[in-house]
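1. fold the following for me, if possible:
(chains A and B)
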Amino acid sequence: MLWAEGLRHAFNQGRVVALDDVSFNLAAGQTLAIFGPNGAGKTTLLKVLAGLIRPQAGSARVAGGRRAIGWIGHQSQLYGHLSVRENLLFWASLYGVPRAERGARATDVLARLGMTDRAEQPVWSLSRGLVQRAAIAKALIHEPRVLLLDEPFTGLDLGAAAELRALLAALRGAGRALVLATHNVDEGAELATDVAFQLRGRFVQYAPRAGRGSAEIAEAYRRAVAGTNG
Amino acid sequence: MGELLRQTWTIARKDLLLEFRSRTAIVSAVVFTALVLTVFNFGRDPTAVSALDLAPSILWVTFTFAAMLGLNRAFQLELENQALEGLLISPLDRRSLYWGKLLANLAFVAVVEAVGLPLFVLFFNVPVGRVLLPLLAVMALATLGFVAVGTLFSAMVVRTRFAELMLPVLLLPFLLLPLTYAVQATARLLADRPLSEVAGWLRLLAAYDIVFFAVASWLFPYTVDE
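-> So this is what the prediction gives:
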C-alpha cells in the first residue's frame, strides 16, 4: 500500500540531513510508528510520502496516489470562518467525492466522531480538542487508504488523546495503513504494528513491534537516542 | 478540462465565501479607495492642473494599491491552520489553485472598482457616461493583467517574511506596462478622443493579459511546491 525506497533529503545545501537512506513498506492494516526527537526528519518523511517534498534521492509511492492519502497533523488545515460542515464539503469536492455523496459523507463522518451537534459551528469557535476531531473528519471525508499522522496528539488533553488513539485503532482495524510520527513514545507505541526510531534522518531501528509494550519500546528508544548522541 | 474548471470554481467559491464571512480585506480596500480619492481630491490645486489631466493616473494608482490589499490576502488565508499544505497534498491541480485564486481576486477587485468608479466621477467631475462601455473594457483588461501577475507574486511571497511589504516591491515593476496602457486609454476616453485612438492601447492590454496569464499559469506550480 505504501513503499519508500532509499529516501534521502537534506536542507541548507546538504548541511541539515533530514532523510538518510530511509526505506520501508506498509501493507493494509499496518501502522508504522516513527519515533524521533525534534528535527530528526519525521515531518520531512511524511511530506515526502504525501508528495509535498520531492526527495533528492530515492522514491516513495502510495497505491492510489494523492486521492488515497489522508493527513492529520497538529495543524487542522481547516478554514476558521467556515463551519465544520462547509469545510468538509470543500475538501470532499477537492478530493473528487461525487456531489450527490458529499452531504451524506459529511453527516456520516461527523456522527462517527461525535460532532453532529457541532456541524454548523465555525471552526474558529471550537476548542482545540474539537478542532482536532474536525481535522480528523476532514482527513477521512474521502475515505483514504493511507493516513499520515504528524504529531496528531499535540495540544490534546488526556481524554481527547485516548479518543484519538481509539479512533486510529479502529481505522487500522478497518484496513487503513497508518504512518504515525511523534516524539512521544507513550502516545504512539500501543497503536503500532511496526516501530522505527528516526535519528538525524536515518532509521536506526526499524522492526515489527512483536508484542513489545510501551515501556520496553520507550527504553529501547532512550538507548538509541543516547547511543546516537554519544 | 472539466475537472480543472470544477476545481477552479471550488477554490474561488471558498475564497469568496471566506471573504464574505470575514469581510476583512474588502472593507479595508473599499475604505482605502474612498480615502485615497478623497485625499487626491482635496490635495490638488484645481487652478494649477486640470482634473482631466490628473484623473486617469489617480484612478489607476488608487485601484492598483487597493487591489494589493486583496492580493496580499489571497494566499495569507491559506496559511491559517496550514490549509495550503492540505491543498498541496490533495489531488488539486496546481493550475486550478491559481485560476481559482485569480477568479476570486478578480471578483474582489471588481467590487473595489464598482465602488471606486462612482466616487471617482463624483470627486473629479469627469464625464464617463458616453464612454462607459469602452472605459469598462479598459478596466476589465487592465484588471485581468495586473491581477494575473499579482496572484502569482502573492503565492511567491506568502511564505517569506514581510510578505505584505515584498508583494508591492516585486509586483509594481511588472505593472508598469498595463498601468501605462490603462492610463493612456483612460485619458483618451475621458478627453472624448475617437475610439480608434484607444483601440491600440486595448490591443496592448489584451496582449499583456494573454502573455502573462499563460506565463503565470505555467510558473505557478513552481512557486507553491517545495
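
2. only C-alpha atoms from now on, for both contacts and neighbour counts.
-> Will do.

3. next, the buried residues of the helix or strand harbouring A:R223.
-> Using DSSP states H and E, the secondary-structure element containing A:R223 is helix A:214-229. Within helix A:214-229, the residues that qualify as buried are A:214, A:217-218, A:221, A:224-225, counting by 16 or more other Cα atoms under 10 Å in any protein chain shown.

4. chain center to it: distance?
-> On the basis of Cα atoms, centre = their mean, to the nearest Å, the separation between the geometric centre of helix A:214-229 and that of its chain is 22 Å.

5. any idea how far B:D53 is from the residue of chain B positioned farthest from its centre?
-> Checked against the mean C-alpha position of chain B, the extreme residue using Cα atoms, centre = their mean is B:T47, at a distance of 32.2 Å. Going from B:T47 to B:D53 by Cα to Cα, to the nearest Å gives 12 Å.

6. CA atoms only for the helix holding A:R223, dumped as CSV, please.
-> Taking Å, rounded to 0.1, in the frame of the first residue of the first chain, the C-alpha atoms of helix A:214-229 are listed here in CSV:
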residue,chain,number,x,y,z
SER,A,214,5.2,0.9,25.6
ALA,A,215,7.8,0.8,28.4
GLU,A,216,10.0,-1.6,26.5
ILE,A,217,9.9,0.5,23.3
ALA,A,218,10.5,3.7,25.3
GLU,A,219,13.6,2.1,26.9
ALA,A,220,14.9,1.0,23.5
TYR,A,221,14.3,4.5,22.2
ARG,A,222,16.1,6.1,25.0
ARG,A,223,19.1,3.8,24.4
ALA,A,224,19.0,4.6,20.7
VAL,A,225,19.0,8.3,21.3
ALA,A,226,21.8,8.1,23.9
GLY,A,227,23.8,6.0,21.5
THR,A,228,23.5,8.4,18.7
ASN,A,229,24.2,11.5,20.9
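
7. which strands or helices does it pack on?
-> Using 3 or more Cα pairs under 8 Å, 6 or more residues apart in numbering or on different chains; DSSP states H and E, the elements in contact with helix A:214-229 are helix A:185-188, strand A:194-199.

8. can you list contacts of the first one?
-> Okay, so that is helix A:185-188. Contact partners of helix A:185-188, identified using Cα atoms under 8 Å, 6 or more residues apart in numbering or on different chains, comprise A:33, A:35, A:153, A:180, A:182, A:214-215, A:217-218.

9. what about the residue in chain B positioned nearest to chain A, which helix or strand?
-> Using Cα to the nearest Cα, the point where chain B gets nearest to chain A is B:A83, with a distance of 3.9 Å. Secondary structure assignment for B:A83, by DSSP H and E: helix B:83-89.

10. mean confidence for that helix?
-> Per-region confidence: helix B:83-89 scores 93 on mean pLDDT.

11. near chain A at all, the helix or strand that it is followed by?
-> Along the chain past helix B:83-89, the next helix or strand (assigned with DSSP H and E) turns out to be helix B:94-124. No - with Cα under 8 Å from any Cα of the partner chain as the criterion, chain A is not reached by helix B:94-124; the gap is at least 10.3 Å.

12. how long is stretch A:188-197 end to end?
-> For stretch A:188-197, the first and last residues are 12 Å from each other (Cα to Cα).

13. enumerate the beta-bridge partners assigned to A:D20.
-> As for beta bridges, A:D20 partners with A:R8 under DSSP bridges.

14. where are the low-confidence patches of the chain?
-> By default, I'm working from chain A. Confidence mapping of chain A against pLDDT under 70 gives the ranges A:228-230.

15. switch to chain B, please.
-> Segments of chain B classed as low confidence (criterion: pLDDT under 70) are B:226.

16. how about the residues of it near chain A?
-> So chain B meets chain A at B:7, B:10, B:14, B:18, B:21-22, B:80-86, B:88-92, B:225-226 (Cα under 8 Å from any Cα).

17. right, and B:G100 touches B:I11 too?
-> Yes - with contact defined as Cα atoms under 8 Å, B:G100 reaches B:I11; the gap is 4.9 Å.

18. ok, now which ones touch the closest residue to chain B within chain A?
-> Distance from chain B to each residue of chain A (Cα to the nearest Cα) is smallest for A:Q77, at 3.9 Å. Counting by Cα under 8 Å, 6+ apart, A:Q77 touches A:135, B:80-86.

19. and the buried ones among those residues, selectable in PyMOL?
-> Command for PyMOL, covering only those of the contacts of A:Q77 found buried under the criterion 16+ other Cα under 10 Å:
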select buried, (chain A and resi 135) or (chain B and resi 81+82+83+84+85+86)
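
20. how about the contacts of A:Q77, which pair is most distant?
-> Within those, two members stand farthest from each other by Cα to Cα: A:A135 and B:L84, at 14.1 Å.

21. ok, B:F40 touching B:I58?
-> Yes - proximity of B:F40 to B:I58 meets the contact threshold set by Cα under 8 Å, at 7.5 Å.

22. just give the number of residues close to B:W201.
-> When neighbours are counted by other Cα atoms under 10 Å in any protein chain shown, B:W201 registers 20.

23. the helix or strand containing it: how far from the chain's middle?
-> Assignment of secondary structure by DSSP H and E places B:W201 within helix B:196-224. Its chain's average C-alpha position is 13 Å from that of helix B:196-224, according to Cα atoms, centre = their mean.

24. for it, buried residues please.
-> Under the neighbour-count criterion of 16+ other Cα under 10 Å, helix B:196-224 has B:198, B:201-202, B:204-206, B:208-209, B:212-213, B:216-217, B:220-221, B:223-224 buried.

25. from B:L152, how far out is the residue lying closest to B:P221 once chain neighbours are set aside?
-> Distances taken as Cα to Cα, 6 or more residues apart in numbering or on different chains put B:R94 closest to B:P221, at 5.5 Å, once the chain neighbours are dropped. When Cα to Cα is applied, the distance between B:R94 and B:L152 equals 12 Å.
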